[in-house]
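**Q** Here's my sequence, what's the structure:
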Amino acid sequence: MIVDHQAAQEMKLTSRRQNSEKWMGLFLAFELSQKKWKLGFNDGKSLNWREVTIEAQDLERVKREIEKARQRFGLGPAVEVKSCYESGREGFWLHRWLVQEGIDNVVVDAASIEVNRRSRRAKTDRLDVGKLLDQLIAYWGGNHRKLTVVNVPSAEAEDGRQLHREMEILKHERTQHRTRIQSLLFTQGVATSVSGRFLERLDPLRIWNGDPIPPEMKARLVREYQRLQLVEAELAELTKYQRQQLRKTATPAMEKVKLLQTLCGIAMNSSWMFVMELFGWRDFRNRRQVGAAMGATPVPYQSGDSHREQGISRSGNRRVRSMAVEIAWCWLRFQPDSHLSQWYRRRFGHGGKRLRRIGIVALARRLMIDLWRYLENGTVPQGAKLKVQIP
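**A** Down below sits the predicted model:
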């Protein structure tokens with residue numbers, strides 16, 4: 001289908017004029033990269049936008065370009081500025097600076113930005129900033145479905161996520177070192193575990209033909225094991241620090257961590273992650289928002305007579321989603337008489353492995369909703385057991 005370009009431009013101009021009646025101001029969109037930033041300006045009424053390329057992180061230049069854009073579009077110094085940029089490697093520091101400068105900024109989920117569905121579409125930074133600017137104008141014109149805005153945590157909440165994320169990386173590195181040691185030995189026909197006395201057991205080990213381990217490989221194994229010990233020492237130190245923080249720090253987030261641990265089946269790692277990643281700083285209005293935040297909402301597909309489920313969205317916090325599924329299995333073990341465990345057994349307990357895996361995701365979503373209600377209202381999940389004493 002061929003679309004009249006002039007008619008499309010007139011429709012866009014009419015839409016912008018309607019938006020300008022609702023709000024008058026200056027719109028600013030950022031296209032960020034490591035070396036250069038591209039800025040797009042519009043007053044919400046003009047079809048053409050003002051485009052500027054500056055050095056990355058040149059904040060003084062950003063302020064100067066905003067003033068130039070005010071003069072270009074004939075706007076006074078008191079006119080508000082509304083801006084946006086895509087969430088990415090820059091994080092939220094630019095958002096905090098813009099808010100500090102009195103600019104109403106939103107951080108946009110990059111996956112929510114509309115793209116052309118043609119097999120080959122033109123993509124440049126200039127086109128990207130123009131598209132983002134168009135959607136920002138429509139968003140503030142009242143069409144909030146045009147953009148998905150990211151919830152920006154406070155500086156304190158963002159800082160509180162560093163500890164468990166570092167521990168997550170260390171646990172992954174620990175597994176890598178152990179697997180690498182076992183794989184190296186297995187290439188010589190040696191199958192053994194990696195324990196605390198690995199170096200003592202290394203000398204007596206013999207390869208496939210009864211010879212000792214070759215000297216270069218043995219030296220590599222020793223160095224690899226020393227790196228493993230370093231990781232385990234750092235992990236033990238962080239675990240100790242985490243427990244000290246829980247005992248000595250009296251903040252609303254720490255109180256929520258302690259409250260979650262009163263439930264059987266939930267311990268330090270899961271309660272800490274749930275609070276620091278989700279419940280400690282997000283304000284949820286309903287259960288649907290909780291499910292969407294963890295990316296466990298169903299994605300149906302319906303077209304004509306075709307109806308099918310495409311699984312879950314996976315567009316939320318992957319750490320929380322992974323931990324919630326793990327805790328859902330623990331919930332079945334430690335809370336067998338709870339309402340959620342009984343529901344799972346009735347619905348999925350007699351099915352195959354695939355059905356049980358599908359069911360555990362549904363259980364994880366329901367469990368997170370019950371935990372949110374427990375933290376907000378003190379409503380204990382139906383049939384759940386509480387610990388006598390928190391370890």
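
**Q** Now do the same contact list for N151.
**A** R282 (C-beta atoms under 8 Å, 6 or more residues apart in numbering). Glycine gets a C-beta too; all of them are placed from N, C-alpha and C.

**Q** For it, give its distance to K385.
**A** Distance of N151 to K385, computed by C-beta to C-beta, to the nearest Å: 33 Å.

**Q** next one: R197
**A** R197 sits 39 Å away from K385, taking C-beta to C-beta as the criterion.

**Q** Then Q162?
**A** Computed as C-beta to C-beta, the Q162 to K385 distance reads 33 Å.

**Q** Low-confidence ranges, the chain, go.
**A** Within the chain, the segments meeting pLDDT under 70 span 1-24, 117, 119-120, 389-391.

**Q** The stretch 51-200 of the chain: helices as residue ranges?
**A** Counting by DSSP state H, counting those that start in this stretch, one finds helices in the stretch 51-200 of the chain at the ranges 59-72, 93-100, 125-140, 155-160, 162-186, 198-202.

**Q** Just say which of those is most tucked in.
**A** Here the criterion is mean neighbour count by mean count of other C-beta atoms under 10 Å, and of the helices of the stretch 51-200 of the chain the winner is helix 125-140, at a mean of 20.

**Q** Touching it from outside, list them.
**A** 12, 15-16, 19, 22-23, 27, 29-31, 33, 38-42, 44, 49, 51, 82-86, 106, 108, 113-114, 146-147.

**Q** follow-up on the earlier one: okay if I get the helices of the stretch 51-200 of the chain as CSV plus distance to L340?
**A** Listed next are the helices of the stretch 51-200 of the chain as CSV, based on distance: least, C-beta to C-beta, whole Å:
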stretch, distance to L340
helix 59-72, 50
helix 93-100, 38
helix 125-140, 38
helix 155-160, 28
helix 162-186, 25
helix 198-202, 42
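
**Q** and E277, which of these is closest to it?
**A** helix 162-186 (8.0 Å; C-beta to C-beta).

**Q** which strands and helices sit next to that closest one?
**A** helix 215-248, helix 268-274 (3 or more C-beta pairs under 8 Å, 6 or more residues apart in numbering; DSSP states H and E).

**Q** Mind doing that once more with 10 Å?
**A** helix 198-202, helix 215-248, helix 268-274, helix 318-334 (3 or more C-beta pairs under 10 Å, 6 or more residues apart in numbering; DSSP states H and E).
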